[in-house]
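J.: generate a structure from the sequence data that follows.
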Amino acid sequence: MAAQSYFDSIASVLSGIARRHGMEPKLLEHKLLKNWPEIAGEQIAAHTRPDQIKFKKLYLIAESSVWIQHLTFLKPELIEKINAAAGKSLITDVVLRVGTMERAEPVQEAGESDEVIAPAPSPESLTEAHAHTVAVTDPELRAKLTDVIAQALNRQRTPSKR
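T.: Next up, the predicted model:
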C-alpha cells in the first residue's frame, strides 16, 4: 500500500495563491530584478534596470535617451523575452524612462544568515519531496523546496527524542 502524501504540488499551490491575490506581477518584478542580465541580455542589462510593473506595463529605467531610442526598436523582442521568463503573457508594453543605474543591494538583517543545521533527510523523504517539486521550473527554488519538504517528511517519519 502506498504511503499517503500530505502535500499538494508546490507549483500548483504557489501559482494558485499568486493568481488569486494578484501577486503575479510582483513575483515577475522580483524575478526581473534578480535575473535581468539573463532575461534581457548582458548589454541591455548593463544600461537598464526594471523599475516596476503596473497594469501589464513594465517601467524600465535606461541610463540615457540614446538607450531609450535604441530600446524603442527592441520593445517587441524585450516583451517576448520577459513573457517567456514569466511563463505567460504578463507584460503588454514597456514604458521607458531615463534614470540612474544605481541598484540597491538588499540589506541583510541581523541573524538572517544563521542557519540551523538539520540532519540529512532519508532517501525516501528526498524521493517523495522531489516528486512534489518536479513541476517547479526555477532550479534554485526547486532545490530549496525539495529540501524543506524532505526535512518535514523526515520529522514525520522519525520519532522526536524530547
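J.: nearest residue to the residue nearest in space to the middle of the chain in space, please, no chain neighbours.
T.: The residue lying closest to the centre of the chain (Cα atoms, centre = their mean) is residue 31, at 4.6 Å. Nearest non-adjacent residue to residue 31, counting by Cβ to Cβ, 6 or more residues apart in numbering: residue 85, 6.4 Å away. Just so you know, the C-beta spots here come from the backbone N, C-alpha and C atoms, and that holds for glycine as well.
J.: what about the one you found, neighbour count?
T.: 18 (other Cβ atoms under 10 Å).
J.: surely it touches residue 39?
T.: Yes: between residue 85 and residue 39 there is a contact under Cβ atoms under 8 Å: 4.8 Å.
J.: identify the contacts common to those two.
T.: By the contact definition Cβ atoms under 8 Å, 6 or more residues apart in numbering, residue 85 and residue 39 are jointly contacted by 31-32.
J.: just name the shakiest helix or strand of the protein by mean pLDDT.
T.: helix 10-20 (a mean of 75; mean pLDDT, DSSP states H and E).
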